[in-house]
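Chemist: just a sequence and a predicted model for now, questions to come.
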Amino acid sequence: MSSAQLSAGPRQASGGHILLGCIADDFTGATDLANNLVRSGMRVVQVIGVPEQALQSDADAVVVALKSRTVPKDEAIAQSLAALRWLQAQGAQQIYFKYCSTFDSTADGNIGPVTEALMDALTVSHGCDFSIATPAFPDNQRTVFKGHLFVGDVLLNESGMQNHPLTPMTDANLVRVLQAQCRRKVGLIDYQVVAQGEVAIRRRIDALRAQGVGLAIVDAVSNDDLLRLGLALKGMALVTAGSGVAIGLPANFGLAPSSTASALPAATGGQAVVSGSCSLASNRQVRSFIQCGYPALGIDPMQVAQKESAGIDVAAEVLAWAEPLLGRGPVLIYSTADTLAVKQAQGQLGVMQASALVERTLAAIASGLVRRGVRQLVVAGGETAGACVQALNIEQMKIGPQIDPGVPWCHAHTDAAPGAGLHLTLKSGNFGSDAFFSKAFTILQ
Ligand code: ADP
């Protein structure tokens, strides 16, 4: 075992010591990672930000959900190092830095700078001189081949991500992309090495290290590649990846897939969907839910703004509509709209103002729904999910069964649902099948 590796001893999660400590750079991404760990046998808790106290529940892994993807890099580093210190204090034997499966970053970071800051911190304690990076997640059509990231059938820079407002991805060559963000030399572990398995991967890591390489992009085009890679990562102090690599890590701690890892309390109460995502997938999901005949109410940001300035409480109006329907089946409240409508609202109200207005309104509605008896809540949209979880004052969530790839049910305690707590799912914009909103509730039964 090299100096860069920690000894991953036998399972010792009970008694408050966790095995794997994860740092996710956004909220729905944290849930996506947690979902893959649960499916591979780990009991996982997701915490919102860095907790002030020690972990209260028994878990094999904890995912600290940060909002560090697009903040200034010094802030991202500070948040990530705080998360690292807390996870180490909980006994984490290995650290996993999770970023987006489309490698969302700019030439300034934050993937490279955060990775290097974590490596620097772990060098002191664990001699961490090498780590890997791969956003591959074949179950969600993200594959890496010869260091190039594919989204479905096209290269990253032709996938639409080249037009992302905050993190435009104009180069699919991840070795080049990561090198531009790092002091350390970046190399590649290509698919031919990965295909040969653990020993070949370890040999390649040693060869790269001997060449002065500190970080390597890893090819993976299938779950088998990720499982082979996982074996070779046993004992590596820091792993950086999308959520895909997570499927290969629990086995290193002696854990195997089991339904007990995803067990949640029995679900009760009313069912509701709150959607603030305007992604293509969410638009399809809203249409599908309405076409199935479920009750749905759309809110329009420009109308909300007008009503607010006339002193009308829009959330209260929406809740008055929803209340008599709860208990008869799921209801949907949505601001989901197509690009044209979003641009109109943004043109009239301002981009940030429109977002903030919608997030605030949907969060008040989500919280009001729970206070009126909803105990199964679907929230669509990353930022929307953040706003709703904040309004519900949720600090941590236990991760349960998967609904669709990347999206599990979770269970949380909140003052709004005293006693048995709340089942909720946080769907990242582009995830989920068209029937997601109705399918989610059948999974929970
Ligand atoms: P996604 O995961 O699809 O990116 P998010 O919730 O992260 O979804 O982001 C969607 C953003 O768009 C939120 O800030 C939300 O408040 C805003 N938004 C939602 N509906 C509208 C709308 N109709 N017009 C303008 N902005 C909207």
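Modeler: Right, received. Where do you want to start?

Chemist: now do the residue in the stretch 251-400 of the chain that the ligand sits nearest to against D26, distance only.
Modeler: Here the stretch 251-400 of the chain gets closest to the ligand at one residue, G381, 2.4 Å apart by C-beta to the nearest ligand atom. C-beta here means a position set from N, CA and C on the backbone, and glycine is covered the same way. Shown here: G381 relative to D26, a distance of 12 Å by C-beta to C-beta, to the nearest Å.

Chemist: quick one: contacts for R183?
Modeler: E116 (C-beta atoms under 8 Å, 6 or more residues apart in numbering).

Chemist: tell me which element it is part of?
Modeler: Assigned by DSSP states H and E, R183 falls within no helix or strand.

Chemist: pLDDT score for it?
Modeler: At R183, the pLDDT value in this model is 97.

Chemist: now it: how far from the ligand?
Modeler: Taking C-beta to the nearest ligand atom, to the nearest Å as the measure, R183 falls 32 Å from the ligand.

Chemist: ramachandran coordinates for that residue?
Modeler: phi -80, psi -40 (degrees, to the nearest 10).

Chemist: again, but for F130
Modeler: Torsion angles, degrees, to the nearest 10, at F130: phi -150, psi 140.

Chemist: so it touches A207, yeah?
Modeler: No. Counting by C-beta atoms under 8 Å, F130 does not reach A207; the two are 11.2 Å apart.

Chemist: between those two, who's got more neighbours?
Modeler: Set F130 next to A207 and count neighbours by other C-beta atoms under 10 Å: F130 wins out with 23 against 13.

Chemist: what sits against the more buried one?
Modeler: So F130 contacts 2, 4, 205, 208-209, 213-216, 236 (C-beta under 8 Å, 6+ apart).

Chemist: and which of those residues is nearest to the ligand?
Modeler: L215 (28.3 Å).

Chemist: the closest one - that's part of a strand, no?
Modeler: Yes. Counting by DSSP: H, G, I helix; E, B strand; the rest coil, L215 is located in a strand.

Chemist: spell out which helix or strand contains the residue lying closest to F441 once chain neighbours are set aside, please.
Modeler: Excluding its sequence neighbours, the residue lying closest to F441 (C-beta to C-beta, 6 or more residues apart in numbering) is Q271, at 5.2 Å. Here Q271 sits within strand 270-275, counting by DSSP H and E.

Chemist: which one of the residues in the stretch 1-150 of the chain is closest to the ligand?
Modeler: Closest point on the stretch 1-150 of the chain to the ligand, by C-beta to the nearest ligand atom, is T28, at 6.4 Å.

Chemist: isn't that residue up against A385?
Modeler: Yes. T28 is within contact range of A385, at 5.8 Å (criterion: C-beta under 8 Å).

Chemist: got the residues of the stretch 301-445 of the chain near the ligand?
Modeler: By C-beta under 6 Å from any ligand atom, the residues of the stretch 301-445 of the chain that approach the ligand are 301, 335, 337, 341-342, 345-346, 354-355, 358-359, 381-384, 428-429.

Chemist: can you turn the buried part of these into a PyMOL selection?
Modeler: In PyMOL syntax, the buried subset of these is picked out as below (16 or more other C-beta atoms under 10 Å):
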select buried, resi 301+335+337+342+345+354+355+358+359+381+382+383+384+428+429
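
Chemist: was I right about S275 contacting Q285?
Modeler: Yes. Under the criterion of C-beta under 8 Å, S275 makes contact with Q285 at 7.3 Å.

Chemist: for the stretch 301-445 of the chain, which segments count as strands?
Modeler: 331-334, 374-380, 396-404, 407-412, 422-427 (DSSP state E, counting those that start in this stretch).

Chemist: ok, back up a step: let's have the contacts of F130 in JSON lines, adding distance to the ligand, neighbour count and pLDDT.
Modeler: JSON lines is the format used below for the contacts of F130 (distance: C-beta to the nearest ligand atom, whole Å; neighbours: other C-beta atoms under 10 Å; pLDDT from 0 to 100):
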{"residue": "S2", "distance to the ligand": "39", "neighbour count": "13", "pLDDT": "38"}
{"residue": "A4", "distance to the ligand": "35", "neighbour count": "21", "pLDDT": "37"}
{"residue": "I205", "distance to the ligand": "35", "neighbour count": "25", "pLDDT": "98"}
{"residue": "L208", "distance to the ligand": "36", "neighbour count": "20", "pLDDT": "98"}
{"residue": "R209", "distance to the ligand": "38", "neighbour count": "17", "pLDDT": "97"}
{"residue": "V213", "distance to the ligand": "35", "neighbour count": "18", "pLDDT": "98"}
{"residue": "G214", "distance to the ligand": "33", "neighbour count": "20", "pLDDT": "98"}
{"residue": "L215", "distance to the ligand": "28", "neighbour count": "25", "pLDDT": "98"}
{"residue": "A216", "distance to the ligand": "30", "neighbour count": "26", "pLDDT": "98"}
{"residue": "M236", "distance to the ligand": "31", "neighbour count": "25", "pLDDT": "97"}
